[in-house]
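Coordinates for the following, if possible.
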Amino acid sequence: MAKKDFDGEILHFGAVRYRLTGSGIFRSELRSLSEVITESLPNITMQSATAREPTILAKFNQQRAFLFVQTTDIDEILNVSKIVIYIKPTFTGYPTE
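Next comes the predicted model:
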């Protein structure tokens, strides 16, 4: 499948799916590139073994974004083996004046 270049388009970040194990609380946020706009995603209580990949719904519209992840305490264990971000182009660009 060819790579699609989303230059200037407004993208809808609709969901994030994780494959993770560990102990503690897993926190994640979608952030715009300048970190001007953020959306905190629901926390996940991690387990040492799991049979499912949680899908977290999001409602974030930006040209570009990044996913920020962290745990809440210093002694927590985190193993992320897969992250899938569901993105769909919604607009071709910002309106001109």
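
just how off-centre is stretch 61-72 within its chain?
In terms of C-alpha atoms, centre = their mean, to the nearest Å, the centre of stretch 61-72 is set 5 Å apart from its chain centre.

I'd like the average pLDDT over it.
Across stretch 61-72, pLDDT averages out at 90.

That one: which residues count as buried?
61-62, 65, 71 (16 or more other C-beta atoms under 10 Å). C-beta coordinates here come from the backbone N, C-alpha and C atoms, glycine included.

Return that stretch as CSV; C-alpha atoms alone will do.
Output of stretch 61-72 as CSV, limited to C-alpha atoms (Å, rounded to 0.1, in the frame of the first residue of the first chain):
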residue,chain,number,x,y,z
ASN,A,61,-8.7,17.2,14.8
GLN,A,62,-5.3,18.7,13.8
GLN,A,63,-2.9,18.8,10.9
ARG,A,64,-0.4,16.8,12.8
ALA,A,65,-0.3,15.3,16.3
PHE,A,66,1.7,13.0,18.5
LEU,A,67,0.9,10.5,21.2
PHE,A,68,2.3,11.1,24.6
VAL,A,69,2.3,8.1,27.0
GLN,A,70,3.4,7.7,30.6
THR,A,71,2.9,5.7,33.8
THR,A,72,1.9,7.4,37.1
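
if we can go back for a sec, let me have the buried residues of stretch 61-72 in CSV, adding distance to residue 82 and secondary structure as columns.
Below are these laid out as CSV (distance: C-beta to C-beta, whole Å; DSSP: H, G, I helix; E, B strand; the rest coil):
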residue, distance to residue 82, secondary structure
61, 24, strand
62, 23, strand
65, 19, strand
71, 17, strand
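
Can you tell me which of these is closest to residue 12?
Distance to residue 12, by C-beta to C-beta, is smallest for residue 61 among the buried residues of stretch 61-72, at 5.4 Å.

Now the element after the helix or strand where residue 30 lies, going C-ward?
For residue 30, the host element (DSSP states H and E) is strand 10-32. Per DSSP H and E, the first helix or strand lying C-terminal to strand 10-32 is strand 38-46.

does residue 80 have beta-bridge partners, and which?
On the basis of DSSP bridges, residue 80 is bridged to residue 20.

Kind regards, and thank you for your time.
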